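Visitor: I'll drop the sequence and a predicted model, then ask my questions.
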Amino acid sequence: MSAPTVKAQTIDELHSLQKKKSAPTTPIKGFRVPLLLSPKKNARNSSSSPSGKCLDFATLENVPRNGNRMQLASLASLTRETGPKVVRGDPASKNQTSPRVHQQHVAEPTISASDSSLKFTHVLYNLSPAVDCLCDKLIHPSIYRAELYEQAIHYEKGSFITSTGALATLSGAKTGRAPRDKRVVKDDVTGEELWWGKGSPNIEMDEHTFLVNRERAVDYLNSLDKVFVNDQFLNWDPENRIKVRIVSARAYHSLFMHNMCIRPTPEELEDFGTPDFTIYNAGQFPCNRYTHYMTSSTSIDLNLARREMVILGTQYAGEMKKGLFSVMHYLMPKRQILSLHSGCNMGKDGDVALFFGLSGTGKTTLSTDPNRYLIGDDEHCWTETGVSNIEGGCYAKCIDLSREKEPDIWNAIKFGTVLENVVFEEHTREVDYADKSVTENTRASYPIEYIPNAKIPCVGPHPKNVILLACDAFGVLPPVSKLNLAQTMYHFISGYTALVAGTEEGVKEPRATFSACFGAAFIMMHPTKYAAMLAEKMQKHGATGWLVNTGWSGGSYGSGNRIKLAYTRKIIDAIHSGSLLKAEYKKTEVFGLEIPTAVEGVPSEILDPVNTWSNKLGYKDTLMKLAGLFKNNFEIFTDHKIGKGSELTGEILAAGPNF
């Protein structure tokens, strides 16, 4: 998801990239373009009962709600250590009577009067994407009063409704994650528990610097006329559910997290209580580049002790999603639960498959199967009882999306869906998914129930198959290989795929990318910790490991051809049905992979990649080159032991390429 910043120098230039100029078309008779009602000055968001009592964000549950909205409040940063307070009404009007609130009395801190204590902000609490459908005879039934749509359309430049009803928006200069600007507070506990040093995604910062950035974010949020607050859940497993609170400045971010997290019922919101983790998203405001540890105007900061995350200098919504995923990678293993960067689906007979893969390998596409129930497309937990989705939505890549290849994702892009950085026709509002004018990393965020065969609740039994996806642009890995346990761990720790020209600036030829556990940017502990847990669970529950290449065949990128998606789907179908376990196998050279001699619906000659290369010497050279890259990458893991003694580590090392 990491992507270069856009080349536009101003918001107007960026905006111009978003819309394709086209001549207006004559509307079809009887068709009416959906309209958006003007936002009303909501009386429910106005002050009606002043009070001088101060509440922290952590005690928002004690503030009276009217529907799903909170009343006018102040985010006065009265106590710097605890951050913004929510003050109902005018704190100067202390003599007015307040309605009864079931809460403990919180004494006002003794401070000097300042403008911050007089600043009022609308706190828009858990707004819905749509609250009703107007079906009056004079109004087309497709017209919705959409609170978050209204806020985005009227106040956020670059937000439009597309022809399918989705909300198209821009994330600003950053169109992908900024992993080099992500920081984690290193203290006495995290210094021992987390993975630091070479190969680690965890870049340290100290507590003081975190608080400096936190205060900068809080002060920015205080200065706004309104902020959005989402209270939601992570993890569909009720025994291990995490409560999260997201405070953000943009309606687009609020709608995005509404889609991506698990949405509480009204009853659950009433009893929400104190969140387990809080995000302060002030992404429109930069960090101070002269602050210690800062390397740019962007900073994404995690403090695991305080259970807080601060975002400055980037409006890319994926930072929130993946920041919370990093938190789950820390919290879940401490409960002996394996957190996984994977897709997951389930057959009609209850057979569950996990799909691991980096961006562009087909994880979302292959896990979204019309013939199987979707448990989730990206983030999961494997507990003692089975698997559970961490999220309440899907975040699919949109580049080159088509109805024919990915019908479920195509049909999910409708009202309530967020489309990031896509290009559309100016008048028809039809999205051109092949257009990369803004970025190649175009995305769609939608609730998981938008997939017709989604399994709600998103839980399932123990997995039967563990599928590792690699887009091999070198063209030397087989389309499918059956892995033993040691090989599964080796390739899981390696996390291989390849970048091709055009995906990142400066990439002119295939370049191997290794991301431990197929998600190194998000893991917190050493990769061998997650690998050992995976091996234990696979052994205990009898799961089979597979390596599936969704990349090139018959040559490297530029000379060969990408393996057809139809063939890959046939391979995945054979894994699900169990027929591939019964096939005849032979072993490849160098990598020692077991490959089937036949798969129904797949040409047999492509199953062994050497058969597809006309230049056999070129194949051998490329194979050895990739094997060398694997060995060099794995050197940083050889000093870590897994299991009792070093036997399992030795097995894993032997499972790699053998020259």
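Guide: Sure thing, it's come through.

Visitor: please count neighbours and contacts with C-alpha atoms only from this point.
Guide: Will do.

Visitor: distance check, residue 425 against residue 15.
Guide: The spacing between residue 425 and residue 15, counted by C-alpha to C-alpha, to the nearest Å, is 13 Å.

Visitor: equivalent analysis for residue 525, please.
Guide: Residue 525 sits 40 Å away from residue 15 when distances are taken as C-alpha to C-alpha.

Visitor: the more surrounded of those two?
Guide: Ranked by neighbour count (other C-alpha atoms under 10 Å), residue 525 and residue 15 place residue 525 first, with 22 against 19.

Visitor: would you mind measuring from that one to residue 327?
Guide: Taken as C-alpha to C-alpha, the span from residue 525 to residue 327 is 11 Å.

Visitor: ok, which stretches of the stretch 551-659 of the chain are strands?
Guide: Using DSSP state E, counting those that start in this stretch, the strands of the stretch 551-659 of the chain run over residues 552-553, 561-562, 585-587, 594-596.

Visitor: now for the last one, which elements pack on it?
Guide: Packed against strand 594-596 by the contact rule (3 or more C-alpha pairs under 8 Å, 6 or more residues apart in numbering; DSSP states H and E) you find strand 480-483, strand 585-587.

Visitor: deepest in the core, which of those strands is it.
Guide: For the helices and strands packed on strand 594-596, the largest average neighbour count (mean count of other C-alpha atoms under 10 Å) is found in strand 480-483, namely a mean of 24.

Visitor: send me it as PDB with only the CA atoms.
Guide: This file holds the C-alpha atoms of strand 480-483, laid out as PDB (Å, rounded to 0.1, in the frame of the first residue of the first chain):
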ATOM      1  CA  VAL A 480       1.100 -24.400  -7.200                       C
ATOM      2  CA  SER A 481       3.200 -26.400  -4.800                       C
ATOM      3  CA  LYS A 482       2.300 -28.500  -1.800                       C
ATOM      4  CA  LEU A 483       4.400 -27.600   1.200                       C
END
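
Visitor: show me the contact partners of it.
Guide: Residues from elsewhere that reach strand 480-483 (C-alpha atoms under 8 Å, 6 or more residues apart in numbering): 544-549, 571, 593-596, 607.

Visitor: report the rounded mean pLDDT for that strand.
Guide: Averaged across strand 480-483, pLDDT comes to 98.

Visitor: residue 263 versus the nearest residue to residue 568 once chain neighbours are set aside, what's the distance?
Guide: Closest residue to residue 568 apart from its sequence neighbours, by C-alpha to C-alpha, 6 or more residues apart in numbering: residue 550 at 6.8 Å. Taking C-alpha to C-alpha as the measure, residue 550 falls 34 Å from residue 263.

Visitor: equivalent analysis for residue 301, please.
Guide: From residue 301 over to residue 263 the distance is 25 Å, taken as C-alpha to C-alpha.

Visitor: when these two are compared, which one has more neighbours?
Guide: Counted by other C-alpha under 10 Å, residue 301 and residue 263 do not tie: residue 301 has more neighbours, with 27 against 21.

Visitor: which SS class is that one?
Guide: At residue 301 the chain is in strand, as set by DSSP: H, G, I helix; E, B strand; the rest coil.

Visitor: could you give the bridge partners of it?
Guide: Residue 301 has these beta-bridge partners by DSSP bridges: residue 183, residue 310.

Visitor: got it, and residue 376?
Guide: Beta-bridge partners for residue 376, by DSSP bridges, are residue 344.

Visitor: state the number of residues packed around it.
Guide: Counted with other C-alpha under 10 Å, residue 376 comes out at 28.

Visitor: check what pLDDT it gets.
Guide: pLDDT at residue 376 comes out at 96.

Visitor: what about it, distance to residue 367?
Guide: Taken as C-alpha to C-alpha, the span from residue 376 to residue 367 is 8 Å.

Visitor: which residues do the two both contact?
Guide: With C-alpha under 8 Å, 6+ apart as the test, residue 376 and residue 367 both reach 343-345.

Visitor: may I ask which of those residues has the most neighbours?
Guide: residue 344 (32 neighbours).

Visitor: check contacts around that one.
Guide: Residues counted as contacts of residue 344 (C-alpha under 8 Å, 6+ apart) are 352-355, 367, 374-378, 380.

Visitor: hmm, which two among these are most spread apart?
Guide: Across the contacts of residue 344, the longest distance by C-alpha to C-alpha is 14.6 Å; it joins 352 and 378.

Visitor: now the terminal residues of stretch 394-411, how far apart.
Guide: One end of stretch 394-411 sits 13 Å from the other (C-alpha to C-alpha).

Visitor: residues of it that come out buried?
Guide: Using 16 or more other C-alpha atoms under 10 Å as the test for burial, stretch 394-411 gives 394-399, 401, 406-410.

Visitor: just the ones of those in strands?
Guide: Of the buried residues of stretch 394-411, the ones assigned to strands by DSSP state E are 394-397.

Visitor: flag the shaky bits of the stretch 351-500 of the chain, pLDDT-wise.
Guide: 500 (pLDDT under 70).

Visitor: show me where it has its helices.
Guide: Counting by DSSP state H, counting those that start in this stretch, the stretch 351-500 of the chain has helices at residues 363-367, 407-412, 485-494.

Visitor: need those helices in TSV with distance to residue 309, can you?
Guide: Formatted as TSV, these follow (distance: least, C-alpha to C-alpha, whole Å):
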stretch	distance to residue 309
helix 363-367	27
helix 407-412	30
helix 485-494	27
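
Visitor: which among those is found nearest to residue 148?
Guide: Taking C-alpha to C-alpha, helix 407-412 is the member of those nearest to residue 148, at 18.5 Å.

Visitor: what's the end-to-end length of stretch 228-239?
Guide: Criterion C-alpha to C-alpha; first-to-last residue distance in stretch 228-239 is 28 Å.

Visitor: how distant is it from the center of its chain?
Guide: Chain-centre distance of stretch 228-239: 15 Å, with C-alpha atoms, centre = their mean, to the nearest Å.

Visitor: out of the contacts of strand 480-483, which sit inside helices?
Guide: Assigned to helices by DSSP state H, the following of the contacts of strand 480-483 qualify: residue 571.

Visitor: can you give me the helices for the stretch 501-650 of the chain?
Guide: Here the stretch 501-650 of the chain has its helices, by DSSP H, counting those that start in this stretch, at 527-541, 565-577, 616-634, 647-654.

Visitor: out of those, nearest to residue 183?
Guide: Nearest to residue 183, of all the helices of the stretch 501-650 of the chain, is helix 527-541, at 18.6 Å by C-alpha to C-alpha.

Visitor: just the angle for the closest one relative to helix 485-494, thanks.
Guide: Counting by axes from the mean of the first three to the mean of the last three C-alpha atoms, to 10 degrees, helix 527-541 lies at 140 degrees to helix 485-494.

Visitor: can you spell out which helices and strands pack onto helix 527-541?
Guide: Against helix 527-541 (3+ C-alpha pairs under 8 Å, 6+ apart) you get strand 338-346, helix 485-494.

Visitor: can you pull out the strands in the stretch 101-250 of the chain?
Guide: Taking DSSP E, counting those that start in this stretch to define them, one finds strands in the stretch 101-250 of the chain at 121-125, 132-133, 144-145, 160-161, 167-169, 182-185, 204-205, 226-234, 242-248.

Visitor: helices along the stretch 201-350 of the chain, start to end?
Guide: For the stretch 201-350 of the chain, helices defined by DSSP H, counting those that start in this stretch occupy the ranges 207-222, 251-260, 266-270, 318-331.
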